[in-house]
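*Asks:* Pasted the sequence and its predicted model underneath.
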Amino acid sequence: MKIQSIPTTESELMQRAKSIAGYSLHDIAQSIDLPMPPDLKKQKGWVGQLIELYLGANAGSKAEQDFAHLGIELKTIPINRSGLPLETTFVSVAPLLSNHGITWQSSHVKYKLSKVLWIPVEGDRTIALAERRVGLPILWQPSPQQEQQLKQDWQELMDMIVLGQIEKITARHGEFLQIRPKAANGKALTQAYNESGELIMTRPRGFYLKKQFTSQILQHYITNLQIR
DNA sequence: GGCTGATCATGA
DNA sequence: TCATGATCAGCC
């Protein structure tokens, strides 16, 4: 696999992102000598990793944004033939334990979503993985209204966690932001508090953006696949 | 286990 | 048909 240099500026990153619009995953993978899996059943994050490698994201960075020096988080998003999202978008792990004093302003959710480079990728399962094409990049920052939408859901969900109601939270809570399990499998367990304030073991959870929210973003920036 | 990257697959 | 809950892989 060829290692890409880290983009120094935002415009350099955008130029690189625009340069792959219209190309297939096969083309992009070949250009950096990355082996292609037959499908995503065994490597669900492969598309994200491919784009990350191509754009020169800080590989292995942890709680930081992908391009921390630019203040930008990278997200690939699978879209259907109409350009609408096929999946929800993972944002960050939900803090179940040491969450005293966390506010929206200091939350990981707000930090990760402060500036996002969205890369739409054809995700229709009837299209072979190698033939799926990448769309034009979207550099997005939440509008005051969007931030308010996220903040409201985040507050409601965090309130439930702090009250020990983690087991009562389902993916149906929250209008734009939801909490769902996020783990290697059903055996993965982590600590949380129940309503009596006792420690319990529960499945790790993550914050996800619902499709309705990411649809707004894609529609606003009028994403279309660029045909070559 | 817990973080990164996400999509799969089944029940409603 | 589609969203929820479950799951996959790699790193530390």
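*Replies:* Structure received.
*Asks:* For DNA strand C, see how far away the closest residue to A:K211 other than its chain neighbours is.
*Replies:* Spatial nearest neighbour of A:K211, chain neighbours left out: A:P85 (4.7 Å); criterion: Cβ to Cβ, 6 or more residues apart in numbering. (Each C-beta comes from the backbone N, C-alpha and C, glycine too.) Distance from A:P85 to DNA strand C, counting by Cβ to the nearest atom of the strand, to the nearest Å: 9 Å.
*Asks:* burial measure for A:P85, as a count.
*Replies:* As a burial measure, A:P85 scores 22 neighbours (other Cβ atoms under 10 Å).
*Asks:* residue contacts, it?
*Replies:* Taking Cβ atoms under 8 Å, 6 or more residues apart in numbering, we find A:P85 in contact with A:I77, A:P78, A:I79, A:K211, A:T214, A:S215, A:L218.
*Asks:* Mind doing that once more with 6 Å?
*Replies:* Listed by Cβ atoms under 6 Å, 6 or more residues apart in numbering, the contact partners of A:P85 are A:I77, A:I79, A:K211, A:T214, A:S215.
*Asks:* so the residue lying farthest from the centre of chain A is in which element?
*Replies:* Of all residues in chain A, A:S196 has its C-alpha farthest from the mean position, at 33.5 Å, by Cα atoms, centre = their mean. With secondary structure defined by DSSP states H and E, A:S196 is part of neither a helix nor a strand.
*Asks:* Now it: closest residue in space that isn't a chain neighbour?
*Replies:* Nearest-residue entry for A:S196: A:G164, 7.0 Å, with adjacent residues in sequence omitted and distances by Cβ to Cβ, 6+ apart.
*Asks:* Repeat that for A:Q149.
*Replies:* Closest residue in space to A:Q149, ignoring its immediate chain neighbours: A:F176 at 4.8 Å, by Cβ to Cβ, 6+ apart.
*Asks:* Up against DNA strand B, what does chain A have?
*Replies:* Contact residues (Cβ under 7 Å from any atom of the strand) of chain A with DNA strand B: A:39-41, A:43-45, A:47-49, A:51-52, A:61-63, A:66, A:73-78, A:87-90, A:92-93, A:108, A:121, A:123, A:125, A:182, A:184, A:187-191, A:204, A:206.
*Asks:* what about the spatially closest residue to A:A188 that is not a sequence neighbour, neighbour count?
*Replies:* The shortest distance from A:A188 to any non-neighbouring residue, by Cβ to Cβ, 6+ apart, is to A:P204 (6.0 Å). Per other Cβ under 10 Å, the neighbour tally for A:P204 reads 16.
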